[in-house]
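Peer 1: sharing a model that was predicted from the sequence below.
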Amino acid sequence: MQPTPPDLSALALAIKRWGAELGFAEVRIADVDLTHAEAGLQAWLDAGRHGEMDYMASHGMKRARPAELVPGTVRVITARMDYLPAATPHDWRERERARLADPRAAVISIYARGRDYHKVLRSRLQQLAERIRTVTGEYGFRVFTDSAPVMELPLAEKAGLGWRGKHTLMLNREAGSMFFLGEILVDIALPVDGPVDAHCGQCQACIDVCPTQAIVGPGRLDARRCISYLTIELKSSIPEALRPLIGNRVYGCDDCQTVCPWNKFAQRAVVPDFEERNSLGSESMAALFAWDDGEFNRRLEGSPIRRIGHERWLRNLAVGLGNAADAMPGDAAVVAALQARSAHPSAMVREHVAWALARHGIYPDGAMRLSRTADQSPSSEIMATPVTPR
């Protein structure tokens, strides 16, 4: 039996309290009207900026209509959970940027160095949903964590968890952007929370720092150019013109977050799941490139990285090892690591290894040409699709 209307405000407060007990930094409530977001979503899809992410288009506008996705839904409980490891030093942003300058370092997005957030948030949201049932009795609900056609950011923005920054990520005045989002769609007409004002002002540090110019304007992302897309979502070969711009980022990219002034307020995780595993914040590319398929799957069990598979893992690392030529062309250890994979069964891996060896001046004919030609340098025309003027 659902509570009577006077109880709903008390229930909303209790939900937020229970969420905090489960490790969520903040829980808020939104209605399901996202009509304001539909035109932008359709324009983004029509422009093809979702790249190979066909799932972004496969559900049509259902992504912006929670009540169509889960019939009966009238409210969305949206929650955020901080993910910086507890021991993260205060100067973490400077350290991350310094690591990018180390040509041997494998740079992996911070969120991916611990346990898979999908599992962590989904489990805790399920616990929260079941806790609600102890008060309401049976009710309709469904839990999501970046796992279904739900427009998480517009819902979180509508509920007041923050505002959408110019890099398209959610920003919070007290926590920056280093947090995950999750939702519970419910059929209980809980009181809703209001949005907050945006506070990016004239800053466009995230736009300026993007290595591939994927942020084509404030709040406008071309995923096809984004390093996170290229190293995680893209299943085929990485476009050659973009490879030199990726540097040593082998899984995801945090540049737009590390440069953001609001992330000086980023909070540390209160759950242990996001602690770094397998030295993923300090390992070298050559060491990771040496993992065979079995070691990859064993070491990365429970990690979000595992879902890209060993083949794409090697593809990404080959690009990074090739880019090491900018600082140390022909380095013996790097070349040896690449040559060990030159006969890999995967044509895609072989292609990227050959490209990387060529960056070091080593070619299939066995000749060694250390002076790199102009066509090996980063191209200004990095994609056939032009960048939309900012």
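Peer 2: Sure, I can see it.
Peer 1: the longest helix along the chain packs against which elements?
Peer 2: If you go by DSSP state H, the chain has its longest helix at helix 117-136. Identification of packing neighbours for helix 117-136 by 3 or more CB pairs under 8 Å, 6 or more residues apart in numbering; DSSP states H and E yields helix 8-21, strand 75-82, strand 141-144, strand 179-186. Yep, even glycine has a C-beta here, placed from its N, CA and C like the rest.
Peer 1: residues near the closest residue to residue 339 other than its chain neighbours, how many?
Peer 2: Closest residue in space to residue 339, ignoring its immediate chain neighbours: residue 357 at 7.0 Å, by CB to CB, 6 or more residues apart in numbering. As a burial measure, the neighbour count of residue 357 was computed by other CB atoms under 10 Å and equals 24.
Peer 1: may I ask you to confirm that residue 357 is in contact with residue 340?
Peer 2: No: at 11.2 Å, residue 357 does not count as touching residue 340 under the criterion of CB atoms under 8 Å.
Peer 1: quick one, what contacts the closest residue to residue 231 other than its chain neighbours?
Peer 2: Ranked by CB to CB, 6+ apart and with sequence neighbours excluded, the top spatial neighbour of residue 231 is residue 316, at 4.8 Å. If a contact means CB atoms under 8 Å, 6 or more residues apart in numbering, then residue 316 has 231, 238, 250-251, 308 as its contacts.
Peer 1: count of neighbours near residue 327?
Peer 2: Applying other CB under 10 Å, I find that residue 327 has 12 neighbouring residues.
Peer 1: what of the one 5 residues further on?
Peer 2: Burial measure for residue 332: 8 neighbouring residues, criterion other CB under 10 Å.
Peer 1: looking at this protein, which helix or strand does the model trust least?
Peer 2: Each helix and strand of the chain was given a mean pLDDT (mean pLDDT, DSSP states H and E); the minimum falls on helix 55-58 at a mean of 58.
Peer 1: next secondary structure after that helix?
Peer 2: Scanning forward in sequence from helix 55-58 by DSSP states H and E, the next helix or strand is helix 66-69.
Peer 1: give the buried residues for that next one.
Peer 2: Under the neighbour-count criterion of 16 or more other CB atoms under 10 Å, helix 66-69 has 66-67, 69 buried.
Peer 1: again, but for stretch 225-241
Peer 2: Judged by neighbour count (16+ other CB under 10 Å), stretch 225-241 contains these buried residues: 225-234, 238-239.
Peer 1: now do stretch 141-156
Peer 2: 141-145, 148-156.
Peer 1: closest to residue 277 among those residues?
Peer 2: Distance to residue 277 across these (CB to CB) is lowest for residue 145, with 19.5 Å.
Peer 1: quick one, what contacts the closest one?
Peer 2: For residue 145, counting by CB under 8 Å, 6+ apart, the contacting residues are 117-118, 121-122, 125, 180-183.
Peer 1: over to residue 262?
Peer 2: For residue 262, the contacting residues are 165, 171-173, 176-177, 199, by CB under 8 Å, 6+ apart.
Peer 1: just the buried ones from these?
Peer 2: For the contacts of residue 262, burial is judged from neighbour counts taken by 16+ other CB under 10 Å, and it is met by 165, 171-172, 176-177.
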